[in-house]
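Visitor: Predicted coordinates and the sequence they were generated for:
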Amino acid sequence: MSIEQITPKLIVEGADAAIRYYGDVFDATLRERHESDGRVVFAALGLPCGAVFEVKDADEFDHDPLRLGGRGLLLAVTTGDPDCLAQRMVDAGGELIFEVADRPYGARQGRVRDPFGHEWILGTPIPVARN
């Protein structure tokens, strides 16, 4: 068995707003969008690095994490400038959970919750001092 790809699908209340948000903060481009009864049932977003993720409106089968009283997915993003990306996300309506800082495990990382309840760990590797 060989897995060729895993694609996260984010369940949100307000898929079109999410598509705009991810376009603004991640430079994501809408590759495909389908709706039924006025709700987005499938939208594929492409990132400049070539990765793809999907978004859909919540419904009776797939529930919005904010309505469930919790958080959605926790996604890790490697970026050359996590400070800048965290600020872009916050400026566009996200909430800073952990400030971007140098971590002892060899990463500069922080965490932002987007307006739809999904959290993003934003980081870049940094050299670790060896004794």
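Guide: Arrived safely, thanks for sending.
Visitor: Which residue ranges of the protein form helices?
Guide: Assigned helices in the chain, in chain order: 15-26, 82-91 (criterion: DSSP state H).
Visitor: Buried residues, the first one. List them.
Guide: Neighbour-count burial for helix 15-26 flags 15-16, 18-19, 21-22, 25-26 (criterion: 16 or more other Cβ atoms under 10 Å). For the C-beta atoms, the positions are set from N, CA and C on the backbone; glycine is no exception.
Visitor: just checking, V90 touches R111?
Guide: No. With contact defined as Cβ atoms under 8 Å, V90 does not reach R111; the gap is 11.2 Å.
Visitor: of the two, who's got more company?
Guide: With neighbours defined as other Cβ atoms under 10 Å, V90 and R111 compare such that R111 has more, 20 against 16.
Visitor: quick one: stretch 66-80 to chain centroid distance?
Guide: 6 Å (Cα atoms, centre = their mean, to the nearest Å).
Visitor: Strands along the protein, start to end?
Guide: Listed in chain order, the strands of the chain (DSSP state E) span 9-12, 29-36, 39-46, 52-57, 74-78, 95-103, 107-113, 119-125.
Visitor: so what pLDDT did R31 get?
Guide: Looking at R31, its pLDDT is 98.
Visitor: Okay, the residue lying closest to it once chain neighbours are set aside and W120: tell me how far apart.
Guide: Of all residues not flanking R31 in the chain, A44 sits nearest, at 4.4 Å (Cβ to Cβ, 6 or more residues apart in numbering). Distance, A44 to W120, using Cβ to Cβ, to the nearest Å: 18 Å.
Visitor: Looking at those two, which is more packed in?
Guide: Applying other Cβ under 10 Å to A44 and W120 shows that W120 carries more neighbours, namely 24 against 17.
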